[in-house]
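> after the sequence you'll find the predicted model.
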Amino acid sequence: MRLRLRLLIPALALCAAACAAHAETVASVESPGKVLRFELDLHEGRLGYRVQRLGEPVIDTSALGFMLRGSGKLERNLALSAQATRRVDTTWEQPWGENRFVRDHHNELRASFTETIVPGRSFDVVVRVFDDGLGFRYEVHAPAGPAASASASASASEWIIDDELTEFAIHQPEGSPPPTAWWIPAGEWNRYEYLYSRTPLTEVTMAHTPITLRTADGLHLAFHEAALVDYSGMWLRRVEGSRLRAQLAPASEGWKVKRSLPFRTPWRTVQIADSAAALYASSNLILNLNEPNRLGDTSWFTPAKYAGIWWSLHLETETWATGPNHGATTANTKRYIDFAADSGLRGVLVEGWNPGWDGQWFGNGYGFDFTRATPDFDIEALSAYGRERGVHLVGHHETGCAASHYEDQMEAAFAMNARLGIDAVKTGYVCDAGGMERRLDDGGIAREWHDGQWSSNHHLRVVEAAARHRIAINTHEPIKDTGLRRTYPNWVTREGARGMEYAAWGQPPNPPEHEANLFFTRMLSGPMDFTPGILSLQGRGQPIETTLAKQLALYVVLYSPLQMAADLPEHYAKHDEAFRFIRDVPADWAESRVLAGEVGDFVVVARRDRNSEDWYLGAITDEHGRLLEVPLSFLEPGRRYTAQVYRDGDGAHWRDAPFEFVREHLDVDTDALRLRLAAGGGQAVRFVAR
């Protein structure tokens, strides 16, 4: 058997090459600057695509199509019936974000295909090509002509998709090593909360997106999706060599997606750049592939920083459950409100405030009540006290994955929040992957994946209900970010990766390279509530693998419009000089630039405050110290600035000298700034115009 497989694999490769050679290119489109070219091919009725960059292949011929329940594969016997192109060059304004203004500059191809043996069955492939990436999706038509009238069955008006046949065959020149991949596993028990693996692409099994690649010649690519609506999330499974195939998260019924016709799939996205720094900038295409704002005026959402009764729970000095160590008490929350008011923080998150935390709630959140508080938490008085001090409570709705149970209560819960001035809510779905509770029509319970179609629809129901009450949502244990914050600007941030709590108790804890991995992988999809700022540098019986200065730099590097000052008030009092940067740094930006970086190694980012002329710089590194010369050309020419520098001390090291720290002021202009980053360290700078 092994001998036969060895003979078969080269044969398949020869077949693929031959098929590509004899395929007819039936439609194509280039990016505005003629950097990328996307071609659609037909070979004996089979549909595929390929991508070139500056005339060189990036994605070899890759299949398109579906596996449909009851009618097999929709991949062959296809004919092109129409095509059209258009050009788009517009600029739109984000109500909040990494950049205030976003340019959408792309060329679009719409190619229509009809299945010749099933009259009336047809779909479009819609492609939008930017100079730094592309997106394509399927738009499936309703049955037309005699086929529509000949069959009134459900199968004529809906599709049950067992999987997509969409592929991404990454080009690998003969004799060159496979691309390097940074990835986390999909279809496993722990959702998205894994450390990133760095392996040859040929060692990838099945990965979540975004997955980031670097080819042997230094080209950077990231594969993801945009506008995930009423559809299952896409995993990527390596099927052979450097070929990846879409595999959709399954529904409890066994199929992947069930949709009435007509419908549109999410966009399948490819970001392509010469460098890691440029790859981050290309993530604007994820936003551009989403629909514009549907909510109208969302000025009621204020990007801000918040404190909270949270880190103490992970340290186990306080508890979510009621009892002698309950964290969410009226007195304790007043203490946090006072701390937030005195520190200029707008919000206070309180976890464990409501009934349901006593007992085994993990994956079994049927006891949670989101409309009333525990007896030792006076939510009415605390909301009023917060208003007096200019501080808003941040709501917390942990569902324990009892998602239908949460939907029963969410309208009333959001109404109560709105009445009390709680204008942001952190939701949670703590259970193993595949454990989301869905109530069936007959009262039975099914369990769904966090990134399945039902979960996709559940999250939009939550976001839409919250918007009706002018409430922002910060989702933990979420479905992945696919840019829907453009369409629903109250879906402001989410977790969806291994956050700071793993530094408290994770085994292994987050290593020094973790955040430099996140920046070029998870952060390509959108904001993350990483919850930085642990200045004690101490978890639950284990040190945090970072320096003090790096914790400050994370506020600039890892973007979120809701940023948590996650440590305890007494720890900030002990490190007040460092805490000053956390008090000063904004949570909303006018402009962002990645100045330097390599995936998993280091990052240098500059961002300009949306509400002042100040710029901020954040630089972080992995376990290796670095000396970097960073040009300050982003500053306004002809002006001088005071650089308020928060850096690692000369003897700093994450392992044995993490608290070595220097705060200093420098007089600078647009010349370069020399950064000295300790092993596991970082640097944060505020530039104030003189």
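Sure thing, it's come through. Note that the structure is predicted; figures quoted are calculated from it, not measured.
> bridged to Arg608, which residues?
When bridges are called by DSSP bridges, Arg608 pairs up with Glu591, Trp615.
> buried residues, the strand or helix carrying Leu627. List them.
Per DSSP states H and E: Leu627 is located in strand 626-631. Along strand 626-631, the positions that meet the burial threshold by neighbour count (16 or more other C-beta atoms under 10 Å) are 626, 628, 630. Just so you know, the C-beta spots here come from the backbone N, C-alpha and C atoms, and that holds for glycine as well.
> before we move on, what about stretch 24-34?
26-31.
> now stretch 457-465
For stretch 457-465, by 16+ other C-beta under 10 Å, it's 458-460, 462-463, 465.
> please apply the same query to stretch 389-396.
391-396.
> sort out for me which of those residues are in strands.
392-396 (DSSP state E).
> identify the farthest-apart pair in the residues you listed.
Using C-beta to C-beta, the pair of those lying farthest apart is His392 and His396, separated by 13.0 Å.
> what residues do those two have in common as contacts?
Common contacts of His392 and His396 (C-beta atoms under 8 Å, 6 or more residues apart in numbering): none found.
> tally of neighbours for the residue nearest to Phe370 when sequence neighbours are not counted?
Distances taken as C-beta to C-beta, 6 or more residues apart in numbering place Ala413 nearest to Phe370, at 3.8 Å, with adjacent residues excluded. Ala413 has 24 neighbours, counted by other C-beta atoms under 10 Å.
> what distance separates the helix or strand where Ala413 lies from the middle of the whole chain?
Under the criterion of DSSP H and E, Ala413 resides in helix 403-420. Counting by C-alpha atoms, centre = their mean, to the nearest Å, helix 403-420 is centred 25 Å from the centre of its parent chain.
> if we can go back for a sec, quick check, nearest of the ones in strands among the buried residues of stretch 389-396 to Thr330?
Distance to Thr330, by C-beta to C-beta, is smallest for Leu393 among those, at 11.9 Å.
> contact partners for that closest one?
Applying C-beta under 8 Å, 6+ apart, the residues contacting Leu393 are 333, 347-350, 379, 382-383, 386, 420-422.
> again, only this time at 7 Å
Contacts for Leu393 (C-beta atoms under 7 Å, 6 or more residues apart in numbering) come out as 348, 350, 382-383, 386, 422.
> possible to save these as TSV with neighbour count?
Conversion of these to TSV gives the following (neighbours: other C-beta atoms under 10 Å):
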residue	neighbour count
Val348	26
Val350	27
Leu382	24
Ser383	19
Gly386	24
Ile422	23
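> just the ones of those residues in strands?
348, 350.
> make JSON lines from the contacts of Leu393 and add pLDDT and distance to Glu570 to it.
Listed next are those as JSON lines, based on pLDDT from 0 to 100; distance: C-beta to C-beta, whole Å:
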{"residue": "Val348", "pLDDT": "99", "distance to Glu570": "16"}
{"residue": "Val350", "pLDDT": "98", "distance to Glu570": "18"}
{"residue": "Leu382", "pLDDT": "98", "distance to Glu570": "20"}
{"residue": "Ser383", "pLDDT": "98", "distance to Glu570": "25"}
{"residue": "Gly386", "pLDDT": "98", "distance to Glu570": "20"}
{"residue": "Ile422", "pLDDT": "98", "distance to Glu570": "26"}
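> and of the contacts of Leu393, the nearest to Pro489?
If you rank the contacts of Leu393 by distance to Pro489 using C-beta to C-beta, Ile422 comes first, at 18.2 Å.
> ok, back up a step: closest one to Lys256 out of the contacts of Leu393, please.
Ile422 (37.0 Å).
> isn't the closest one up against Gly395?
Yes - Ile422 is within contact range of Gly395, at 4.6 Å (criterion: C-beta atoms under 7 Å).
> returning to what we had before: what is the nearest of the ones in strands among the buried residues of stretch 389-396 to Glu139?
Looking across those and measuring by C-beta to C-beta, the closest to Glu139 is Gly395, at 37.9 Å.
> do you know how far the closest one is from Phe362?
For Gly395, the distance to Phe362 (C-beta to C-beta, to the nearest Å) stands at 21 Å.
> how about Pro324?
22 Å.
> cool, and Thr298?
34 Å.
> okay, these two: which has more neighbours?
Each of Thr298 and Phe362 has its neighbours counted (other C-beta under 10 Å); Thr298 has more, 16 against 13.
> leaving out sequence neighbours, find the closest residue to the more buried one.
Pro489 (4.4 Å).
> surely the one you found is in contact with Gly296?
No - the pair Pro489 / Gly296 is not scored as a contact, 9.5 Å apart, by C-beta under 7 Å.
> which of those two has more neighbours?
Between Pro489 and Gly296, counted using other C-beta under 10 Å, the more crowded position is Pro489 (24 against 8).
> quick one: low-confidence ranges for the protein?
Scanning the chain for pLDDT under 70 picks out the ranges 1-22, 145-156.
> let's see that with 50 instead.
1-20, 149-154 (pLDDT under 50).
> the host helix or strand of Arg438: partners in the sheet, and parallel or antiparallel?
Taking DSSP H and E as the criterion, Arg438 maps to strand 436-439. Strand 436-439 sits in its sheet next to strand 445-448 (antiparallel), going by DSSP bridges.
> ok, Tyr194 to Glu545 distance?
17 Å.
> so those two - more neighbours on which side?
Neighbour count, other C-beta under 10 Å: between Tyr194 and Glu545, Glu545 has more, with 22 against 16.
> ok, the more buried one - contacts?
509-512, 654, 680.
> inside helices: which ones of the residues you listed?
Applying DSSP state H to the contacts of Glu545, no entry is found in helices.
> would you list those in TSV and tack on neighbour count and distance to Leu134?
Formatted as TSV, the contacts of Glu545 follow (neighbours: other C-beta atoms under 10 Å; distance: C-beta to C-beta, whole Å):
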residue	neighbour count	distance to Leu134
Pro509	19	38
Asn510	23	33
Pro511	17	33
Pro512	23	34
Trp654	26	39
Gly680	25	37
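> ok so, going back, redo the buried residues of strand 626-631 as a markdown table? Include distance to Asp667.
As requested, the buried residues of strand 626-631 are exported to a markdown table (distance: C-beta to C-beta, whole Å):
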| residue | distance to Asp667 |
| --- | --- |
| Arg626 | 24 |
| Leu628 | 20 |
| Val630 | 16 |
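> just name the closest of the residues you listed to Leu537, please.
Closest to Leu537, out of all of the buried residues of strand 626-631 and judged by C-beta to C-beta, is Arg626, at 20.0 Å.
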